[in-house]
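> no FASTA, just this:
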Ligand SMILES: [Ca+2]
């Protein structure tokens, strides 16, 4: 809220007699501090100078208002309300990044950012401060393009049912930056399921240029494995050579390939309507193609589904590496300083909100990676909190990205911001 807005609300309050100004019932106090207008009983207006007491009160109010607005203007992204571990600091990396979801970094330092309802892919050009970093709308008019990835200089974008490519994306960004038209991406695959329900994509590309894509279950809870749902698949960008990597995954909108081991770690959003505290959302690890992670039969590794769990046993399925909490909505994942970091977007149907933070899943750091039979997760701890205050959530982490300089970027799709977490010097 800007100073003018705050001021006009205060003026309204005074006008409605909600603030005692010594005027005693002069109800039409105008939006000018220098005079006030009293509507007299007969309907005629009289103009007279404010009393000294009123002038003093107004001056104090105006000063306080301007101070509050100025403090707010200096607290872009609510930085003062965010809590980070000792030795760290957080700043706004870029603002005006519409509905920021998955991020990908180009060799030039330009950051690409997908979105959901905004339907755009943004480019954040390099700079030394948020004020200096130009934000361009590179592509517009897509259907929830939440998933983006870069490979060999080409950008890949996944919206609900399609994969697009922008070849030589650096060149195209430069054209848009010079005032050229927005990019019309090349459609390379339009055969993904068209269901919007859990149809939001996330993208990674392996070292052979194959896309890793989630195909969420088009329901709260249902058994649609035979139709290719509730899976994470790998395929060529045009959709050929499709193979199922993970099965029994309800709705993953975030994963990352672990350095050294090459294992795919992915979040999964637990089913709804089993109460506030069940089941937990998950962080899973895929060590072999074809593994089954339980949905819809078994949740959080140990809770049989009331309907689909009959006749099945949770021991048939791969249990999560970490339980992230019920309804927290884990989205993007990255590996940062040897640990997994997860953006928790926050609950939508819990009686008390949960999530709305970034957590660090601390891993046991064995130089050669952990044997696949053991769980390297030591603990889950808060990394950045503060977007949830009481039951009011003013920001929503959607993705995380480890930067080459050791800092961590966090996308917030509610505020359209990218934050940067870094070491305090
Ligand atoms: Ca599971």
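On my side now, so go ahead. Just so it is clear, the structure is predicted and the values come from calculations on it, not from any experiment.

> partners of whatever helix or strand residue 256 lives in in the sheet?
With elements taken from DSSP states H and E, the one containing residue 256 is strand 255-257. If you go by DSSP bridges, strand 255-257 pairs up with strand 264-268 (antiparallel).

> Identify the residues contacting the residue lying closest to residue 76 once chain neighbours are set aside.
Once flanking residues are discounted, residue 76 sits nearest to residue 92: 5.0 Å by Cβ to Cβ, 6 or more residues apart in numbering. To be clear about C-beta, it is placed using only N, CA and C from the backbone, and glycine gets the same treatment. If a contact means Cβ atoms under 8 Å, 6 or more residues apart in numbering, then residue 92 has 76, 77, 79, 130, 417, 418, 419, 420 as its contacts.

> same question, residue 353
Residues near residue 353 by Cβ under 8 Å, 6+ apart: 346, 347, 388, 391, 393.

> if I look at it, how far off is residue 383?
18 Å (Cβ to Cβ, to the nearest Å).

> Ok, residue 76 next?
Distance from residue 76 to residue 383, by Cβ to Cβ: 20 Å.

> what do you get for residue 420?
For residue 420 relative to residue 383 (Cβ to Cβ), the value is 13 Å.

> between the two, which one's more packed in?
residue 383 (25 against 18; other Cβ atoms under 10 Å).

> returning to what we had before: so the residue nearest to residue 76: helix, strand or coil?
Put simply, residue 92 is strand when judged by DSSP: H, G, I helix; E, B strand; the rest coil.

> picking that back up, do me a favour and average the pLDDT over the strand holding residue 256.
Strand 255-257 carries an average pLDDT of 97.

> List the neighbours of it that are in contact with it.
Contacts of strand 255-257 (Cβ under 8 Å, 6+ apart): 202, 204, 206, 212, 214, 232, 263-267, 333-335, 340.

> The residue nearest to residue 230 when sequence neighbours are not counted: how many residues sit nearby?
The shortest distance from residue 230 to any non-neighbouring residue, by Cβ to Cβ, 6+ apart, is to residue 217 (4.2 Å). By other Cβ under 10 Å, the residues close to residue 217 number 25.

> quick one: what helix or strand has residue 217 in it?
Going by DSSP H and E, residue 217 is not part of any helix or strand.

> quick revisit: can you tell me which of the contacts of residue 92 are buried?
With burial judged by 16 or more other Cβ atoms under 10 Å, the buried subset of the contacts of residue 92 is 77, 130, 417, 418, 419, 420.

> ok, so of those residues, who is nearest residue 290?
residue 418 (36.1 Å; Cβ to Cβ).

> Which positions in the chain make contact with the ion?
Counting by Cβ under 5 Å from the ion, the chain comes close to the ion at 293, 294.

> how about a cut-off of 8 Å?
248-250, 268, 270, 282, 284, 293-295, 298-301, 317-320 (Cβ under 8 Å from the ion).

> Let's see if you can find the most crowded of the contacts of strand 255-257.
residue 267 (31 neighbours).

> Report the spatially closest residue to that one, excluding sequence-adjacent ones.
residue 330 (3.6 Å).

> May I see the domains of this protein written out as residue ranges?
The chain breaks down into these domains under automatic domain parsing: 3-71, 83-423.

> hey, which of those is tucked in deepest?
domain 83-423 (a mean of 19; mean count of other Cβ atoms under 10 Å).

> Can you list the residue ranges for strands in the stretch 301-425 of the chain?
Using DSSP state E, counting those that start in this stretch, the strands found in the stretch 301-425 of the chain span residues 303-304, 322-326, 330-336, 339-344, 357-363, 377-384, 388-389, 392-393, 397-402, 408-412, 417-423.

> okay, the ones you listed in CSV with mean pLDDT and distance to residue 239 next?
Below are these laid out as CSV (pLDDT from 0 to 100; distance: least, Cβ to Cβ, whole Å):
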stretch, mean pLDDT, distance to residue 239
strand 303-304, 95, 35
strand 322-326, 96, 31
strand 330-336, 97, 24
strand 339-344, 97, 28
strand 357-363, 97, 32
strand 377-384, 96, 34
strand 388-389, 94, 39
strand 392-393, 94, 37
strand 397-402, 98, 24
strand 408-412, 98, 27
strand 417-423, 98, 31
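
> Which among those strands is found nearest to residue 180?
Closest among those, once you apply Cβ to Cβ, is strand 417-423, at 23.8 Å.

> which helices and strands does that closest one pack with?
Judged by 3 or more Cβ pairs under 8 Å, 6 or more residues apart in numbering; DSSP states H and E, strand 417-423 is in contact with strand 88-95, strand 100-105, strand 377-384, strand 408-412.

> neighbouring contacts of that strand?
Here strand 417-423 makes contact (Cβ under 8 Å, 6+ apart) with 77, 82, 84, 87-95, 97, 100, 103, 111, 113, 124, 358, 383-384, 395, 403, 405-412.

> could you check the angle strand 408-412 makes with it?
In terms of direction (axes from the mean of the first three to the mean of the last three Cα atoms, to 10 degrees), strand 417-423 departs from strand 408-412 by 160 degrees.

> Partner strands of strand 417-423, with direction?
When DSSP bridges is applied, strand 417-423 pairs with strand 88-95 (antiparallel), strand 408-412 (antiparallel).

> Of those strands, which is nearest residue 189?
Nearest to residue 189, of all the strands paired with strand 417-423, is strand 408-412, at 24.6 Å by Cβ to Cβ.

> from the chain's centre, how far out does the closest one sit?
Centre-to-centre, strand 408-412 and its host chain are 8 Å apart (Cα atoms, centre = their mean, to the nearest Å).

> Check stretch 261-276 too.
The answer for stretch 261-276 is 16 Å, by Cα atoms, centre = their mean.

> Between the two ends of that stretch, how far is it?
Length of stretch 261-276, first residue to last, Cα to Cα, to the nearest Å: 35 Å.

> Then stretch 178-189?
Stretch 178-189: ends 30 Å apart by Cα to Cα.

> what residues does that stretch touch?
Under Cβ under 8 Å, 6+ apart, the answer for stretch 178-189 is 137-140, 155, 157, 162-167, 172, 176, 235, 237-239.

> can you tell me which of the residues you listed are in strands?
Residues of these located in strands (DSSP state E): 137, 138, 139, 155, 157, 163, 164, 165, 166, 235.

> Out of those, the closest to the ion would be?
Set against the ion, the nearest of the ones in strands among the contacts of stretch 178-189 by Cβ to the ion is residue 235 (22.7 Å).

> So that closest one sits against residue 241, correct?
Yes - using Cβ atoms under 8 Å, residue 235 makes contact with residue 241 at a distance of 5.9 Å.
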